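S.K.: Curious how this folds, go ahead:
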Amino acid sequence: MFGADDADWAIYRKINNAAASSDEDEDLARLETVEQKLLAHDPTFQEEHTYSALAQRRSALIQAFRPQYFEGDPAGAARVHLSTERWRACETWFSPGMAGVDSAGLGEVVQNILARFNEQEKGRLVKNVFVTGAPSQLPELIPRLHNAMRPILPPDMPLNITRADNPTLDAWRGMAECSLNDTYWKNSVSNEEYNEWGGERIRRWWGGNWNSSFIDDSEA
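M.R.: Residues are numbered from 1 along each chain as shown. The predicted structure is shown next:
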C-alpha cells in the first residue's frame, strides 16, 4: 500500500536531501511569500487575490450548496458527501495506483493482449470488443475504454466496443445454456474430482490445460 498516502513519499526526501521537494506545504509556503511581496509592492494585487482568500471562497461556495440537516437528524448524520471520489472510484479500473494497488489498468491489460497479435488479427479483434459483467454498467465506461484504446491503435483502424444486453446475468445464462448440451456433462468437473484435486488443480475441464484426464482409458 506504499504510495496510497502522500506522506509516504517523504521518505525519498529524507534519503536524498539535495533533491528538490515537491511537497505541497512547501509550495504553499513559497506562494505565500510571493503573495506578501505582491501585497507590499503591487497596488493592483489585493488580499482577495491571494490563494487563501480564493480557497475560502471556494469552500464557502461548496458549503452553500451542501444540504443542511437539523441537529439530531439521523439520516443527515449518517450521510457521506462525495466530491471527486465519485470519479476516482471508477477511474481505478484504469489506474489502480490511485487506490494503492500495484496492478495494470484495464487499458494496459488490453494493450498487452493486442501486442500478441499481428496488425491484421488486431484489426479483426478491435472491430468487436465485447464487455460484460456488472462493472461494465458503470456510466460512460465504453467511451472511457475507447479513449484508452484509441491511442494504442493505428489512426485508420476501426474500433467498436459493445456491451452485453444483460451484463449482470450473462455468465449465468451462458453456463445455463451450456448445461443443456450433452457435451457439457462429459467435460464437467465432478464433486469428487474437485475434492481430490482442489480448485487450483482441476484436471478435467474443457477450459483448462491439457492433462491426464483427457487421455483415453485404453491408452492408460
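S.K.: who's in contact with residue 164?
M.R.: 130-132, 136, 170 (Cβ atoms under 8 Å, 6 or more residues apart in numbering). (C-beta placed from N, C-alpha, C; glycine too.)
S.K.: now for the helix or strand encompassing residue 108, which elements pack on it?
M.R.: Element membership for residue 108 (DSSP states H and E) is helix 106-114. Packing partners of helix 106-114 (3 or more Cβ pairs under 8 Å, 6 or more residues apart in numbering; DSSP states H and E): helix 119-126, helix 141-149.
S.K.: contacting residues around that helix?
M.R.: Contacts for helix 106-114 (Cβ under 8 Å, 6+ apart): 93-94, 104, 122, 125-126, 145, 148-149, 152-153.
S.K.: so what's the backbone phi/psi at the residue most central in space within the chain?
M.R.: Nearest to the geometric centre of the chain sits residue 93, at 1.4 Å (Cα atoms, centre = their mean). Dihedral angles of residue 93 (phi, psi; degrees, to the nearest 10) stand at phi -60, psi -30.
S.K.: what's the answer for residue 129, then?
M.R.: phi -90, psi 120.
S.K.: Tell me how many other residues surround it.
M.R.: Residues near residue 129, counting by other Cβ atoms under 10 Å, number 16.
S.K.: separation between the residue nearest to it when sequence neighbours are not counted and residue 172?
M.R.: Spatial nearest neighbour of residue 129, chain neighbours left out: residue 161 (4.4 Å); criterion: Cβ to Cβ, 6 or more residues apart in numbering. Residue 161 sits 23 Å away from residue 172, going by Cβ to Cβ, to the nearest Å.
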